[in-house]
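Engineer: below are the sequence and a predicted model for it; my questions follow.
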Amino acid sequence: MSYHIYSFEKLEVYQLARKYKIDIKLMSRSFPKEERFELISQINRSSRSISTNLAEGSGRASNFDQAHFTNMSYATGLETIDHLNTALDMEYIDEKKYTELRIKLDAILNKLNALYKYQINNKETLKKKV
């Protein structure tokens with residue numbers, strides 16, 4: 001079976017974000033059941049949105065439009081930090097797990113920031129392959 005690999009799938013930041021959302025999903029399984037519709041839902045949604053926005057943005061024709069989605073990806077990463085802070089404050093995760101997840105997320109955010117700067121500063125419109 002053969003399929004096309006899209007440009008966003010080749011990005012290291014996308015690959016890291018793809019793995020990160022799984023880390024978050026697995027971690028949130030240990031949260032209390034009463035958090036199912038609150039913190040569990042919110043942290044899973046925000047961590048998924050990091051890679052999802054990269055994928056959606058890659059389909060945009062201009063670097064400016066792509067940068068908009070990269071910025072949204074960055075913003076949902078920051079939202080995820082807030083949810084991790086809540087999980088730590090509520091003692092749903094320990095300091096070791098929190099630090100592990102923050103270090104991974106910081107690496108993703110740094111790469112998103114670099115990608116955003118590239119997209120904003122590169123004036124040429126990216127050409128789509130049809």
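Structural biologist: In hand now; what should we look at? The model shown is predicted, which means the values in this text are computed figures rather than measured ones.

Engineer: where in the chain is pLDDT low?
Structural biologist: Within the chain, the segments meeting pLDDT under 70 span 123-130.

Engineer: and for residue 32, the neighbour number?
Structural biologist: Look at residue 32: counted by other CB atoms under 10 Å, it has 10 neighbours. Every residue, glycine included, has its C-beta placed from N, CA and C.

Engineer: wait, it sits on residue 93?
Structural biologist: No - judged on CB atoms under 8 Å, residue 32 makes no contact with residue 93 at a distance of 12.0 Å.

Engineer: report the backbone C-alpha coordinates of stretch 72-88 in CSV.
Structural biologist: Taking C-alpha atoms only, stretch 72-88 is exported to CSV below (Å, rounded to 0.1, in the frame of the first residue of the first chain):
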residue,chain,number,x,y,z
MET,A,72,-2.5,29.0,16.9
SER,A,73,-0.4,25.8,17.4
TYR,A,74,1.9,27.8,19.7
ALA,A,75,-1.1,29.2,21.6
THR,A,76,-2.6,25.8,22.2
GLY,A,77,0.8,24.7,23.5
LEU,A,78,0.6,27.5,26.0
GLU,A,79,-2.9,26.4,26.9
THR,A,80,-1.6,23.0,27.6
ILE,A,81,1.0,24.4,30.0
ASP,A,82,-1.9,25.9,32.0
HIS,A,83,-3.7,22.5,32.1
LEU,A,84,-0.4,20.8,33.2
ASN,A,85,-0.1,23.4,36.0
THR,A,86,-3.6,22.6,37.1
ALA,A,87,-2.8,18.9,37.1
LEU,A,88,0.2,19.5,39.2
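
Engineer: how far does that stretch sit from the chain's center?
Structural biologist: In this view, stretch 72-88 has its centroid 9 Å away from the chain centroid, taken as CA atoms, centre = their mean, to the nearest Å.

Engineer: ditto for stretch 40-47
Structural biologist: Averaging C-alpha positions (CA atoms, centre = their mean) puts stretch 40-47 11 Å from its chain's average.
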